[in-house]
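In: model the following, please.
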Amino acid sequence: MTVHHPIARAAVVALLGLSLLLALDGSLERAINLCGLQAVANGNARYLENALDQSLKTFTVLSGLKVGLAVVEGTEVGVGFGLQIGDVVQAAYDFVDIAWRTVLGAGVILVGTRFLLEAARLVDSWLLAASLAGVLLSLPLRWWLPRAIGLQRTLRDASLLLAILAAAFYVVLPLSVSGGAMLSAQITEPVMTEAETGLEALRAELFPGDADPEKGFWARWGETGKQIERLAANVREKASALMVMGLKLIAGYLFDCVVFPLALFIFLLWATRLIARHLFGLQKRRELREDLDAVLQRAGLGKPAQAPAAPAGSP
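Out: You can find the predicted model right below:
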């Protein structure tokens, strides 16, 4: 920033000092939130809460399927019949187990994302204040101590880094989550809703635990080998549909919790760094030109002052 007039310099320092005080007080963050970031934060909180509730519901359905298939897999009736049941149920059990682990990991990621957003809200104001403090110190050094070039540039580079981090916590991270929520609503949510509904219906069809409250389900299925064989046939018949629904569920949670927010975060952070690098490049070129002019002037090779024009009529 090139400001030559003393009054203008004092005004810039006063403005930066006031901004630093407002940042430390929290007033500057409240003003930033009024520009739309608070609405983004509220939307992210609702999205994460709803997504976590849905993942817990899906986790419960998959847990019921997993337990039921595990019991059927370990059931033996007659010589060699248990091996047949295990062969039929094993593939379906493995697939349900993969989906179960995926949903469990998705729930952990959702909770971790909420913690990360809360941590960012605690740190972002301090990063902004530190960046303003670096600028506040670097400008007077540049104006009144021009020979302290190393200290000036160190403060400037530190301020730039802190500004990028503050922008990442204020804007990039919340927009990544909200953008992921928008993509999820448009792309994966219909497919995942269909898969979750199908899995719940399949669990109720295969393992109707509350059909006869006076008699346990596994006691009824354990009465004869024919009934167990009938369950194995149902599992074999529904295996293809179970795998399709499991694939949709796994892909949906991977995209919602990892691919969408991570891709948006990388893109927005790259754009922020690109803008900062452009501004940094302009500043570096200006400083190089100023350093070159100073060297030339000390060597007596600077631009000579323009000679005054001769009066009219002089020889």
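
In: isn't E200 up against T60?
Out: No. Using Cβ atoms under 8 Å as the test, E200 is too far from T60 to be in contact (9.3 Å). Backbone N, C-alpha and C define where each C-beta goes, glycine included.

In: for those two, indicate the residue with more neighbours.
Out: E200 (18 against 13; other Cβ atoms under 10 Å).

In: find the nearest non-adjacent residue to the more buried one, please.
Out: V61 (5.0 Å; Cβ to Cβ, 6 or more residues apart in numbering).

In: right, and the helix or strand after the helix ranked longest in the chain?
Out: The single longest helix within the chain, with elements called by DSSP state H, is helix 81-144. Downstream of helix 81-144, the first helix or strand assigned by DSSP states H and E is helix 149-167.

In: quick one, that following helix and helix 81-144 angle?
Out: Calculated by axes from the mean of the first three to the mean of the last three Cα atoms, to 10 degrees, helix 149-167 forms an angle of 140 degrees with helix 81-144.

In: assign the nearest residue to W100 once chain neighbours are set aside to helix, strand or coil.
Out: Distances taken as Cβ to Cβ, 6+ apart put L62 closest to W100, at 4.4 Å, once the chain neighbours are dropped. Classification of L62 using DSSP: H, G, I helix; E, B strand; the rest coil returns helix.

In: hang on, isn't L62 packed against T102?
Out: No. With contact defined as Cβ under 8 Å, L62 does not reach T102; the gap is 9.1 Å.

In: comparing the two, which residue is more hemmed in?
Out: Legend: neighbour count by other Cβ under 10 Å for L62 and T102, higher for L62 (25 against 22).

In: quick revisit: pLDDT of the longest helix of the chain, averaged?
Out: Averaging pLDDT along helix 81-144 gives 82.

In: same for it, what does it pack against?
Out: Where contact means 3 or more Cβ pairs under 8 Å, 6 or more residues apart in numbering; DSSP states H and E, helix 81-144 is packed against helix 6-25, helix 27-32, helix 38-73, helix 149-167, helix 173-183, helix 225-254.

In: can I get stretch 234-250 in PDB? Just the C-alpha atoms.
Out: The C-alpha atoms that make up stretch 234-250 are tabulated as PDB, following Å, rounded to 0.1, in the frame of the first residue of the first chain:
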ATOM      1  CA  ASN A 234     -35.800 -66.000   0.700                       C
ATOM      2  CA  VAL A 235     -32.300 -64.700   1.400                       C
ATOM      3  CA  ARG A 236     -31.100 -66.200  -1.900                       C
ATOM      4  CA  GLU A 237     -34.000 -64.600  -3.700                       C
ATOM      5  CA  LYS A 238     -33.500 -61.200  -2.200                       C
ATOM      6  CA  ALA A 239     -29.700 -61.300  -2.400                       C
ATOM      7  CA  SER A 240     -29.500 -59.300  -5.700                       C
ATOM      8  CA  ALA A 241     -31.900 -56.600  -4.400                       C
ATOM      9  CA  LEU A 242     -29.900 -56.500  -1.100                       C
ATOM     10  CA  MET A 243     -26.600 -55.900  -2.900                       C
ATOM     11  CA  VAL A 244     -28.100 -53.200  -5.200                       C
ATOM     12  CA  MET A 245     -29.500 -51.300  -2.200                       C
ATOM     13  CA  GLY A 246     -26.300 -51.800  -0.300                       C
ATOM     14  CA  LEU A 247     -24.200 -50.400  -3.200                       C
ATOM     15  CA  LYS A 248     -26.500 -47.300  -3.500                       C
ATOM     16  CA  LEU A 249     -26.200 -46.800   0.200                       C
ATOM     17  CA  ILE A 250     -22.400 -47.100   0.300                       C
END
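
In: check which residues of that stretch are buried.
Out: V235, K238, L242, M245, G246, K248, L249, I250 (16 or more other Cβ atoms under 10 Å).

In: can you pull the contacts of the second one?
Out: If I follow you right, that is K238. Residues in contact with K238 (Cβ atoms under 8 Å, 6 or more residues apart in numbering) are A92, L202, E205, L206.

In: between helix 225-254 and the strand or helix carrying E200, find me the angle.
Out: Assigned by DSSP H and E, E200 belongs to helix 189-206. Here the directions of helix 189-206 and helix 225-254 differ by 170 degrees (the same axes, to 10 degrees).

In: kindly state the pLDDT recorded for L62?
Out: pLDDT, L62: 90.

In: and it, what does it touch?
Out: Counting by Cβ under 8 Å, 6+ apart, L62 touches V96, A99, W100, V103, L199.
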